[in-house]
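[1] Provided below are the primary sequence and the corresponding predicted coordinates.
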Amino acid sequence: MDPSERTSPPSPHPLERREFLRQSSLLTAGTLVAAAHSSDTLAAAARVERSSSKQFWPEGARLVISISMQLEAGAQPERGASSPFPPIDPKYPDLPAATWYAYGIHEGIPRLLELFARKRVKVTSHMVGQAVDRNPKLAREIVERGHEAAAHGQTWTPQFSMTPEEERASYEANVRSIERATGTRPLGFNAFWLRGTPHTLEILQSLGFIYHIDDVSRDEPFLLSVNDKPFAVVPYTLHLNDIVQFEGRNASTEAFGRELKDEFDVLYAEGATRRRMMSISTHDRIAGRPSRVKMLEEFITYAQKHPGVVFMRKDEIARFALESPLTLREGGF
């Protein structure tokens with residue numbers, strides 16, 4: 001993203017992002033991703049205290065927190081896309097709604113990236129292919145900062161009504177868009193409103209994916225058998241999801257912040273005796289508002305004060321779950 005597009009620095013340290021962008025232009029994406037990811041993983045591991053005789057998580061961590069940052073803006077339909085504006089007849093283009101989505105590209109994600117840099121947190125960004133095609137520099141910057149690029153469909157067309165052929169073609173196009181912009185191939189997938197088809201996991205596995213997040217049944221990752229091979233599930237969240245809290249329930253930042261802390265407190269206590277993870281979802285145009293970033297930063301600071309708390313990307317969680325003998329398996333395999 002061109003820094004000149006921003007009207008005001010979103011961070012208390014504006015020079016850091018400009019310096020990062022300057023440096024990133026001198027390095028290949030792959031080299032920088034590897035370095036950033038490696039240094040962050042080592043730093044996170046060093047903070048962990050061994051609090052249990054069982055290794056529920058790497059290095060004896062007690063609770064893992066996983067944050068999603070959805071890159072969707074630009075892929076929404078011209079007519080009929082949901083927004084805070086009152087609905088209009090879909091025969092007319094909804095011009096102001098388009099600006100609501102554009103906020104996520106111009107302000108929301110850049111502000112969230114600065115937050116995650118300040119707190120040394122790596123996240124998973126589920127990217128709609130068409131949004132990536134229209135904002136390739138931003139998608140590339142997300143990956144260059146060490147975050148994971150995961151798949152989220154090529155367009156906003158719901159997957160649940162697709163034929164197997166249409167579904168496969170959509171995922172293949174999504175992979176190509178992400179690879180073209182970021183130089184990385186996605187390993188994880190999130191369907192439109194979590195609604196895939198009976199064929200989704202087989203198609204994903206055949207394309208090299210190792211996990212999906214379209215499941216809210218547990219507070220820990222688990223494995224399914226797909227074609228007699230393990231496939232990881234890294235559960236998503238609805239109640240700790242900004243689109244549900246702010247757009248669906250009209251929650252205040254104070255109420256959402258309180259729910260984050262209450263959820264964390266219970267999972268942290270349970271983490272003393274069993275594997276626990278906490279999932280939080282943010283969307284480009286919603287969580288990137290200044291007041292909401294302030295709330296999210298306060299929560300991350302609160303969580304990081306507790307020993308044994310680690311923030312992990314979802315591909316890291318999936319890989320660990322696939323290798324760990326303690327991971328739950330559904331389906332009797």
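    Nice, thanks for sending it over.

[2] where along the protein do the helices fall?
    Assigned by DSSP state H, the helices in the chain fall at 14-24, 29-47, 95-103, 109-119, 129-134, 136-144, 164-182, 200-206, 242, 253-270, 290-304, 314-323.

[3] so can I have a markdown table of those showing mean neighbour count, distance to residue 224 and mean pLDDT?
    Glycine gets a C-beta too; all of them are placed from N, C-alpha and C. Output for the helices of the chain, formatted as a markdown table (neighbours: other Cβ atoms under 10 Å; distance: least, Cβ to Cβ, whole Å; pLDDT from 0 to 100):
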| stretch | mean neighbour count | distance to residue 224 | mean pLDDT |
| --- | --- | --- | --- |
| helix 14-24 | 14 | 37 | 48 |
| helix 29-47 | 14 | 26 | 41 |
| helix 95-103 | 16 | 34 | 92 |
| helix 109-119 | 21 | 30 | 98 |
| helix 129-134 | 22 | 25 | 97 |
| helix 136-144 | 21 | 27 | 98 |
| helix 164-182 | 18 | 18 | 97 |
| helix 200-206 | 20 | 7 | 98 |
| helix 242 | 23 | 28 | 89 |
| helix 253-270 | 16 | 23 | 97 |
| helix 290-304 | 17 | 29 | 97 |
| helix 314-323 | 20 | 11 | 98 |
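
[4] Using CSV, lay out the ones you listed together with distance to residue 330.
    Below are those laid out as CSV (distance: least, Cβ to Cβ, whole Å):
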stretch, distance to residue 330
helix 14-24, 41
helix 29-47, 28
helix 95-103, 37
helix 109-119, 32
helix 129-134, 30
helix 136-144, 31
helix 164-182, 22
helix 200-206, 12
helix 242, 29
helix 253-270, 20
helix 290-304, 29
helix 314-323, 12
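
[5] Residue 150 is nearest to which of the ones you listed?
    helix 314-323 (6.6 Å; Cβ to Cβ).

[6] Mind giving me the packing neighbours of the closest one?
    Contact partners of helix 314-323 among helices and strands, from 3 or more Cβ pairs under 8 Å, 6 or more residues apart in numbering; DSSP states H and E: strand 63-70, strand 148-151, strand 188-189, strand 211-212, strand 222-226, strand 229-233.
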